[in-house]
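Enquirer: Quick one, structure for this:
(one chain, ligands or ions: 1)
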Amino acid sequence: MTIPSTDWYRSLAAAGLRNPQVHGPARYWLQVEGSFTRALQRQCTETFHVEVQHEGFAVPTREEAQHLGLPARQRAWIREVRLCGDGQPWVLARTIIPLACLEGRGRRLRHLGNRPLGAYLFSSPDWQRGPLETGLCNRVVSGQPAMARRSMFCHRQQCLLVGEYLLPDLFN
Ligand SMILES: C=C(O[C@@H]1C=C(C(=O)O)C=C[C@H]1O)C(=O)O
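Expert: The predicted structure follows:
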């Protein structure tokens, strides 16, 4: 399972003009407020866990760098995980953490391992979430994400970018 290239829209309504599927059963997940990790935990009957797929320094896409206001080609800490409910992958998440976010207490962001990032972000009152965007994934194949959501989390003018890609098993 890989993170697909995605077109991002400022609102669910704007994405819906291209693909009305966003108004179907995925809608709740595209819009749910607060910690996404918590929302997924509530949906589980038994267990919730995070599986790290890749984590390390890498160059964000050009669009991600522009969105975060980073110089092109500057490396960031990139974390890709699967969020699994009751043993099934439900969501793929990709987080871009610029170098400036990794200083001081932010060093912890490199050592999350299988602990959810959401638990860290929502346990600290310092992090403010920006507006939620809706994503439509390109070249959708069966079993892969077709829709996504993303937002920035900012702390003292340092922002990181969290994208969450819904797998069909989550809402079908
Ligand atoms: C931002 C959150 O964190 C979640 C946990 C992630 C992780 O551990 O890498 C990534 C994205 C989110 O789905 C949240 O819970 O809202």
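Enquirer: Return the set of buried residues in stretch 34-53.
Expert: When burial is assessed from 16 or more other Cβ atoms under 10 Å, stretch 34-53 yields the following buried residues: Ser35, Phe36, Thr37, Leu40, Gln41, Gln43, Phe48, Val50. All C-beta spots, glycine's among them, are computed from the backbone N, C-alpha and C.
Enquirer: residue contacts, Phe60?
Expert: Residue 60: Pro, not Phe. Neighbouring residues of Pro60 by Cβ atoms under 8 Å, 6 or more residues apart in numbering: Leu68, Leu70, Ala76, Ile78, Ile96.
Enquirer: For the fourth one, which non-adjacent residue is spatially closest?
Expert: So that's Ile78. Ala58 (4.7 Å; Cβ to Cβ, 6 or more residues apart in numbering).
Enquirer: Touching, that neighbour and Gln74? I think so.
Expert: No: because the distance of 10.8 Å does not satisfy Cβ atoms under 8 Å, Ala58 is recorded as not touching Gln74.
Enquirer: Any figure for the gap between Asp86 and Glu64?
Expert: Computed with Cβ to Cβ, to the nearest Å, the distance linking Asp86 and Glu64 is 31 Å.
Enquirer: Neighbour count for the two, which is higher?
Expert: Neighbours per residue (other Cβ atoms under 10 Å) separate Asp86 from Glu64, with Glu64 holding more: 18 against 13.
Enquirer: wait, that one sits on Leu160?
Expert: No: at 10.6 Å, Glu64 does not count as touching Leu160 under the criterion of Cβ under 8 Å.
Enquirer: Which neighbours do the two have in common?
Expert: When contacts are counted by Cβ under 8 Å, 6+ apart, Glu64 and Leu160 are jointly contacted by Ile96.
Enquirer: In the protein, which residue sits nearest the ligand?
Expert: Gly118 (2.0 Å; Cβ to the nearest ligand atom).
Enquirer: quick one, what contacts that residue?
Expert: Applying Cβ under 8 Å, 6+ apart, we find Gly118 in contact with Ser35, Phe36, Thr37, Arg38.
Enquirer: For it, which non-adjacent residue is closest in space?
Expert: For Gly118, ignoring the flanking residues on the chain, the nearest one in space by Cβ to Cβ, 6+ apart is Thr37 at 3.4 Å.
Enquirer: And Gly143, by the same measure?
Expert: Per Cβ to Cβ, 6+ apart, closest to Gly143 is Pro168, 6.5 Å.
Enquirer: quick one, what contacts the one you found?
Expert: When the contact criterion is Cβ under 8 Å, 6+ apart, the partners of Pro168 are Gly143, Pro145, Ala146.
Enquirer: Could you single out the nearest of these to Pro125?
Expert: Each of the contacts of Pro168 was scored against Pro125 by Cβ to Cβ, and Pro145 proved nearest at 31.2 Å.
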